[in-house]
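Asker: predicted model follows, preceded by the sequence.
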Amino acid sequence: MIRLLAFGIVKDFFHGSALDIELPKNPTVDILKKELNSLYPEMQKLASYMIAVNNNYASDGDIIYPGDEIAIIPPVSGG
Amino acid sequence: MIRLLAFGIVKDFFHGSALDIELPKNPTVDILKKELNSLYPEMQKLASYMIAVNNNYASDGDIIYPGDEIAIIPPVSGG
Amino acid sequence: MTDVQLSSEPLDISSCIEKATDPTCGGMNVFIGTIRNKTQNRKVIRLEYESYIPMAIKEMHKIADDIFQKWDVKNIVIHHRTGILKTGDTAVVIVVSAPHREAAFEACRYAIDTLKQTVPIWKKEVFEDGEVWVSAHA
Amino acid sequence: MTDVQLSSEPLDISSCIEKATDPTCGGMNVFIGTIRNKTQNRKVIRLEYESYIPMAIKEMHKIADDIFQKWDVKNIVIHHRTGILKTGDTAVVIVVSAPHREAAFEACRYAIDTLKQTVPIWKKEVFEDGEVWVSAHA
């Protein structure tokens, strides 16, 4: 079970600010994204989105370990 | 007789903030500059200098008429 | 010196400027981002800013660190507002002071351009007839 | 809106910013030029600024008029100090507000770069061991 933090429009997709999903043990970011896109097809309509692991932008090949803080980062719009 | 207003380092050359000089009737700016360079050779050691006529930068060919306000503008250094 | 803040209170521009004031610096550049009354001709009622705070702070520090690598800059202040903002409210203040003005201008421009690309802050524009998460969709 | 001033009193940065604040403007860029404590490693005791006032005002207005021609900018404030200034004193404040930030940055940079080339203001740097009219000689 992995807890995903949601922000911005992703909170609307998740109907909340966090979501727990089941994934294989120590998945890559890429595996998480595929699962997410399949559970929430709206994700694919975003201009883009990133996964943050422990407050850093992660690459597709990065592995997610138990205890990591995972956040879904839709296109940012600060300023 | 033409009154020249002096600013910055030119006040040091003129030993004052204004100078009256004799010039032919309705001289060009170029004639004024030549006379100035000859009376005050220090002028030629400046990085450059401009003549302002009635608060506008003048070109060498511009004619100076009686009553015009003439100023000597050494390199500016505002800011 | 780096000073980075996210704040739900109104930003204090004068205090940001004061923090970056430095007798070794001849030039200071300030960017102030303000809520406009219109976006693409639709009247904005309010904006709602939210942030992933720990990561946003980290990304703002990264911007400052990058600037110190790239330019001869002495002080960087980045304050960003969160919560509900209205027309005329200040969303972001960035101040960069440097010995020479060129670096201050370039670094300040880099800071706001990069902030808008990397810092996890999101705004929702609320209009009379609807609302939209800015930039979410292509 | 254009507001151009030469002043022998200390400049008020907050008031300059306030004058350029405008609900149609999303971006404001501010340049603040301050007296540094050193020039080429010589300690500056004070600076003396003088100006050919009517022409300086005219040239500052020309800068503003040029900016309005070149960029989509709404408000320009240029305040320049005259008289005796010490380390840390503000010599010039330029504020440009625009619907979009790119124009504000570019116009503000243009304003200070052009001011330093065209506006008849002169400064004399006074050191412990002498004084010099800045930029007078090549």
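Answerer: Now that the structure is in, tell me what you want to look at. Numbers count the residues shown, from 1 in each chain, chains lettered A, B, ... in the order given.
Asker: which helix of chain A spans the most residues?
Answerer: Determined from DSSP state H, the single longest helix within chain A is helix A:29-39.
Asker: strands paired with whichever helix or strand comes after that helix, and their directions?
Answerer: Next helix or strand after helix A:29-39 toward the C-terminus (DSSP states H and E): strand A:50-53. Strand A:50-53 has the following sheet partners, assigned by DSSP bridges: strand A:56-57 (antiparallel), strand A:70-73 (antiparallel).
Asker: list the buried residues in stretch C:110-122.
Answerer: C:Tyr110, C:Ala111, C:Ile112, C:Asp113, C:Thr114, C:Leu115, C:Lys116, C:Thr118, C:Val119, C:Pro120, C:Ile121, C:Trp122 (16 or more other Cβ atoms under 10 Å in any protein chain shown). Glycine gets a C-beta too; all of them are placed from N, C-alpha and C.
Asker: no no, stretch A:63-76
Answerer: Using 16+ other Cβ under 10 Å as the test for burial, stretch A:63-76 gives A:Ile64, A:Ile70, A:Ala71, A:Ile72, A:Ile73, A:Pro74, A:Pro75, A:Val76.
Asker: coming back round to it: out of the strands paired with strand A:50-53, which comes closest to D:Lys43?
Answerer: D:Lys43 sits nearest to strand A:56-57 of all those, at 45.1 Å, using Cβ to Cβ.
Asker: now the closest one: average pLDDT?
Answerer: Across strand A:56-57, the average pLDDT comes to 98.
Asker: one more: stretch C:58-66?
Answerer: 98.
Asker: right, is it up against chain D?
Answerer: No: Stretch C:58-66 does not reach chain D (Cβ under 8 Å from any Cβ of the partner chain); its nearest approach is 15.6 Å.
Asker: so is that stretch next to chain A?
Answerer: Yes: using Cβ under 8 Å from any Cβ, stretch C:58-66 reaches chain A at C:Lys58.
Asker: just how off-centre is that stretch within its chain?
Answerer: Using Cα atoms, centre = their mean, to the nearest Å, the mean C-alpha position of stretch C:58-66 is found 12 Å from that of the whole chain.
Asker: C-alpha coordinates for it, CSV please?
Answerer: The C-alpha trace of stretch C:58-66 is given here as CSV (Å, rounded to 0.1, in the frame of the first residue of the first chain):
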residue,chain,number,x,y,z
LYS,C,58,13.2,23.1,-1.1
GLU,C,59,12.7,24.1,-4.7
MET,C,60,12.9,27.8,-3.9
HIS,C,61,16.2,27.1,-2.1
LYS,C,62,17.4,25.3,-5.2
ILE,C,63,16.6,28.4,-7.3
ALA,C,64,18.7,30.5,-4.9
ASP,C,65,21.6,28.0,-4.9
ASP,C,66,21.5,27.9,-8.7
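Asker: which bits of chain A sit near chain C?
Answerer: Selection of chain A residues close to chain C by Cβ under 8 Å from any Cβ yields A:5, A:7-9, A:12, A:45-47, A:52, A:55-57, A:71, A:73-79.
Asker: 10 Å - rerun?
Answerer: A:5-12, A:17, A:42, A:45-50, A:52, A:54-57, A:69, A:71-79 (Cβ under 10 Å from any Cβ of the partner chain).
Asker: mark which of these are buried, thanks.
Answerer: Among the residues of chain A next to chain C, those classed as buried by 16+ other Cβ under 10 Å are A:5-11, A:46, A:49-50, A:52, A:55, A:57, A:71-79.
Asker: please flag which of the buried residues of stretch C:110-122 sit within helices.
Answerer: The helices, defined by DSSP H, take in C:Tyr110, C:Ala111, C:Ile112, C:Asp113, C:Thr114, C:Leu115, C:Lys116, C:Thr118 from these.
Asker: and chain B, which of those residues contact it?
Answerer: Restricting these to those touching chain B (Cβ under 10 Å from any Cβ) yields no residues.
Asker: spatially central residue for chain C, please.
Answerer: Compute the mean C-alpha point of chain C, and by Cα atoms, centre = their mean the closest residue is C:Val92, 3.3 Å away.
Asker: let me see the contact set for the closest residue to chain B within chain A.
Answerer: Residue nearest to chain B within chain A (Cβ to the nearest Cβ): A:Gly79, separated by 28.4 Å. Going by Cβ atoms under 10 Å, 6 or more residues apart in numbering or on different chains, A:Gly79 touches C:31, C:33, C:49, C:80, C:91-92, C:94, C:112-113, C:115-117, C:119, C:121, C:123, C:134, D:26-27, D:101.
Asker: and for A:Tyr65?
Answerer: A:Lys25, A:Asn26, A:Pro27, A:Val53, A:Asn54.
Asker: re earlier: ok, the buried residues of stretch A:63-76 vs C:Leu11, which is closest?
Answerer: Among these, A:Val76 lies closest to C:Leu11 (Cβ to Cβ), at 18.8 Å.
Asker: my read is that that closest one contacts C:Ile121, right?
Answerer: Yes: contact status for A:Val76 versus C:Ile121: in contact at 5.9 Å, counting by Cβ atoms under 10 Å.
Asker: hey, what's in contact with both of these two?
Answerer: Between them, A:Val76 and C:Ile121 share these contacting residues under Cβ under 10 Å, 6+ apart: A:Phe7, A:Gly8, C:Ser51, C:Tyr52, C:Ala56, C:Glu59, C:Leu115.
Asker: quick one: check the least confident helix or strand in chain C by mean pLDDT for contact with chain D.
Answerer: In chain C, no helix or strand scores lower on mean pLDDT, DSSP states H and E than strand C:38-39, which sits at a mean of 75. Yes: applying Cβ under 10 Å from any Cβ, one finds strand C:38-39 in contact with chain D at C:Lys38, C:Thr39.
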